[in-house]
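In: fold the following.
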Amino acid sequence: MPVTVLIVDDSKLARIVAAKALAALQPDWSKIEAGGGAQALELVDRTPVDLALIDYNMTEMDGLELAGALRSRFPDMPIAIITANIQDEIVARAREIGAAFVAKPVTPEGLEGFLSGAALRLRAARS
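Out: Predicted coordinates:
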């Protein structure tokens with residue numbers, strides 16, 4: 001089952017760390033990267049994406065704004081907000097739009113639950 005993951009973070013290093021954690025768990029999944037919300041929205045217009053890992057703290061639009069825009073376009077897409085800014089309000093807002101929460105720094109262990117659930121949802125949707 002080919003799966004494409006969108007990784008969005010304004011830090012190149014953070015995108016590399018997230019991509020490594022993803023590859024450790026799902027080496028066959030492909031990834032595309034964006035450095036911000038506008039670039040991410042342009043990418044999803046051109047490239048089919050199955051799930052998204054989105055940083056919360058970005059300059060042009062925050063991760064929850066981007067997640068909301070993606071949710072309106074792709075109601076069933078698994079989305080995770082990734083951030084070191086662990087505040088109850090941010091976690092609650094992420095859940096309101098149906099996004100999971102993954103703490104930074106992103107590790108395979110921290111990402112595993114989200115990816116397992118996402119894989120099950122994608123498999124069910126494709127069968």
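In: give me the contacts around the biggest helix by length in the chain.
Out: With secondary structure taken from DSSP state H, the chain has its longest helix at helix 108-126. The contact list for helix 108-126, computed with Cβ atoms under 8 Å, 6 or more residues apart in numbering, reads 1, 3, 18, 21-22, 24-26, 50-51, 53, 76, 78, 80, 100, 102-103. Where you see a C-beta, it was placed from the backbone N, CA and C, and this is true even at glycine.
In: for Ala18, helix, strand, or coil?
Out: Under the three-state scheme (DSSP: H, G, I helix; E, B strand; the rest coil), Ala18 adopts helix.
In: gap between the closest residue to it other than its chain neighbours and Phe114?
Out: Leaving out its chain neighbours, the residue that sits closest to Ala18 by Cβ to Cβ, 6 or more residues apart in numbering is Val106, at 4.5 Å. Using Cβ to Cβ, to the nearest Å, one obtains 10 Å as the distance from Val106 to Phe114.
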